[in-house]
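A.B. asks: Structure of the sequence below:
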Amino acid sequence: MFPVFKIFKITFLLLIINFSCSQNDEQSMPSGLFYQSTDFDNVDREYILYIPSSYEENSSFPIVFNLHGGDMTARQQMENVSDMRSLADTESFILVYPQSTIDDNGVPIWNLGGENSKSTEIDDVGYISHLIDEISNFYSTDLDRIYVTGFSNGGYLSFEIACKLSNRIAAFASVAGHMFIDTFNDCSPSHPTPFISINGTEDNYQGIGFYYLSVENSNNYWINFNNNDETPIITNIEDINSSDKSTVEYYSWKNGDNGVEVDHYKVIGGGHYYPKINYENSKENGDIDSDQLIWEFFSRFDINGLR
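C.D. replies: Numbering: from 1, shown residues only. Predicted coordinates:
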């Protein structure tokens, strides 16, 4: 005969388990900042995940990947270069700062692909795809609205991702970045792709030989691929910070297939920096807010084009 106290104990435990499960089912995933690690290609990779305060499980949230520059970290990108956390809260998107691996000299850097431009043997395009899957397994995401932006070396990788992961990327951006020759020679996007770039004229604007394309040619690749208007609309941005010794011209090539655009902010006199309002470094442009401009551009498009 089964003892009564054992029956009671088992019943009580089952009640606890059932109650816990029902509580978890009703409880939404937490918002906030998370330092994460994941295994990809047998390599332990790290990334910073920011879930906005506006997150709700019954809504689908876009994802913005924000890529750091060379010899930098994801945390430095978030804290010192492109802090989109408040923007993610107000505009309701999930924000991801992936961390690159290091090269043989111990320098954090992205693998851009191709024999002339890669610094490691790491599959960073595959890593971004892996993160899309991982984050979407835990959070409610809009897979038609996956965006990628990057600064410098991260900007270079954004081109590579747009070329090699086109079936998952709705739009991309590059700040102080160029399209590498190897990326250009092996680019195969699968849909019209909105693109926004921000570059200073004093930052190798004309490209470097057989290393990477000029800004003009980088933009032209996407203008031609998307069948955008050949002639851009050009607007002079108000010079609200005269002490930065630079001005901005805004170029927009409209009417591409599926309504996509290519936009470019030409920082005349600008160097290898990340333009933002109230920038304390007098060498950088303070007339535009790169983060705001990039998100406003992204928000107009999904993987099918103009929303």
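
A.B. asks: all contacts plus neighbour counts: C-alpha atoms, from now on.
C.D. replies: Fine.

A.B. asks: ok, and the closest non-adjacent residue to residue 109?
C.D. replies: Leaving aside its chain neighbours, residue 109 sits nearest to residue 70 (4.8 Å; criterion: Cα to Cα, 6 or more residues apart in numbering).

A.B. asks: what are the phi and psi angles of that neighbour?
C.D. replies: phi -70, psi 150 (degrees, to the nearest 10).

A.B. asks: OK, contacts around it?
C.D. replies: Under the criterion of Cα atoms under 8 Å, 6 or more residues apart in numbering, the contact list for residue 70 reads 107-110, 152-154.

A.B. asks: so how far is stretch 40-58 from its chain's centroid?
C.D. replies: Computed by Cα atoms, centre = their mean, to the nearest Å, the chain-centroid distance of stretch 40-58 equals 13 Å.

A.B. asks: In it, which residues are buried?
C.D. replies: 40, 45-53, 55-56 (16 or more other Cα atoms under 10 Å).

A.B. asks: Could I get the phi/psi values of the closest residue in space to residue 167 that isn't next to it in sequence?
C.D. replies: Leaving aside its chain neighbours, residue 167 sits nearest to residue 190 (6.2 Å; criterion: Cα to Cα, 6+ apart). Backbone torsions for residue 190, taken as degrees, to the nearest 10, come to phi -100, psi 0.

A.B. asks: Now do the closest residue to residue 89 other than its chain neighbours, the pLDDT please.
C.D. replies: Spatial nearest neighbour of residue 89, chain neighbours left out: residue 52 (4.6 Å); criterion: Cα to Cα, 6+ apart. Note on residue 52: pLDDT of 98.

A.B. asks: residues making contact with the biggest strand by length in the chain?
C.D. replies: Longest strand of the chain, by residue count under DSSP state E: strand 141-151. Contacts to strand 141-151, defined as Cα under 8 Å, 6+ apart, come from residues 59-69, 155-158, 168-177, 274, 298, 301-304.

A.B. asks: and if we set it to 6 Å?
C.D. replies: 60-69, 169-176, 302-303 (Cα atoms under 6 Å, 6 or more residues apart in numbering).

A.B. asks: Please flag which of these sit within helices.
C.D. replies: Assigned to helices by DSSP state H, none of the contacts of strand 141-151 qualify.

A.B. asks: Now restrict these to buried residues only.
C.D. replies: Among those, those classed as buried by 16+ other Cα under 10 Å are 60-69, 169-176, 302-303.
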